[in-house]
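Student: Quick one: sequence plus predicted model below, questions after.
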Amino acid sequence: MSRVGRAPIKLPKGVEVKLSGSHVKVKGPKGELERTFHPDIAIALADDQITCARPTDGKIHRQLHGLTRALINNMVVGVTEGFKKELQIVGVGFKCEAKKRGVLLNVGYSHPVFVALPSNVKAEVTAPTTIVVTGTDREMVGQVAATIRAVRKPEPYKGKGIMYTGERIHRKAGKTGK
């Protein structure tokens, strides 16, 4: 049995869940999320707890069992606490600036790069070299942070580029002189 899948999800105060078959809608203080899951996984709501059950012990059902439970838990956490990813820009003259619906990055190219944000994700520039991406949907927050990082990935020789806070860059030695 999946250890992740069989754990019940406890609903905190102020969170409403509506189930209609395999469609789950979660509403909380920070927003509202909805998603449709695979119809084979049974999702049940009882006593402020959500449980997931699988019909067989086949490989696909075992995989879907843990996945469904994890995604529902991320929805509940997202509407109560939210998710956050922090990025840092390293390099001489590299900086960022918040715009109305996105982030403008000056990261060593001949032109500034504008990264547009979806409506349910916010990016806050706390310092000229720090971006904090927040939102209720964990998947979207991670995707936006990855898109921003992909503009200029950290290079292994000097470590310049956009990286997650706390990320370690494997550094290379480079060329040696005679």
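Tutor: Perfect, thanks for sending it.

Student: which one is A53 nearest to, not counting chain neighbours?
Tutor: Taking C-beta to C-beta, 6 or more residues apart in numbering, and ignoring the residues beside it in sequence, A53 has A42 as its nearest neighbour in space, at 4.4 Å. Bear in mind the C-beta positions are built from the backbone N, C-alpha and C, glycine included.

Student: How many neighbouring residues does the one you found have?
Tutor: 14 (other C-beta atoms under 10 Å).

Student: I'd guessed it sits against T56; true?
Tutor: No. Using C-beta atoms under 8 Å, A42 makes no contact with T56, being 11.9 Å away.

Student: What residues of whichever helix or strand T134 is part of count as buried?
Tutor: Here T134, judged by DSSP states H and E, is contained in strand 130-135. Buried residues in strand 130-135, counted by 16 or more other C-beta atoms under 10 Å: 131-135.

Student: now swap in stretch 163-170 and tell me
Tutor: Result for stretch 163-170 [16+ other C-beta under 10 Å]: buried residues 163, 169.

Student: Kindly report the same for stretch 76-84.
Tutor: Within stretch 76-84, the residues scored as buried using 16+ other C-beta under 10 Å are 76-80, 82-83.

Student: residue contacts, E124?
Tutor: Residues in contact with E124, defined by C-beta atoms under 8 Å, 6 or more residues apart in numbering, are 98, 131-132, 134.

Student: about what we covered before: wait, which of the buried residues of strand 130-135 is closest to G177?
Tutor: Nearest to G177 among those: I131, at 37.4 Å, using C-beta to C-beta.
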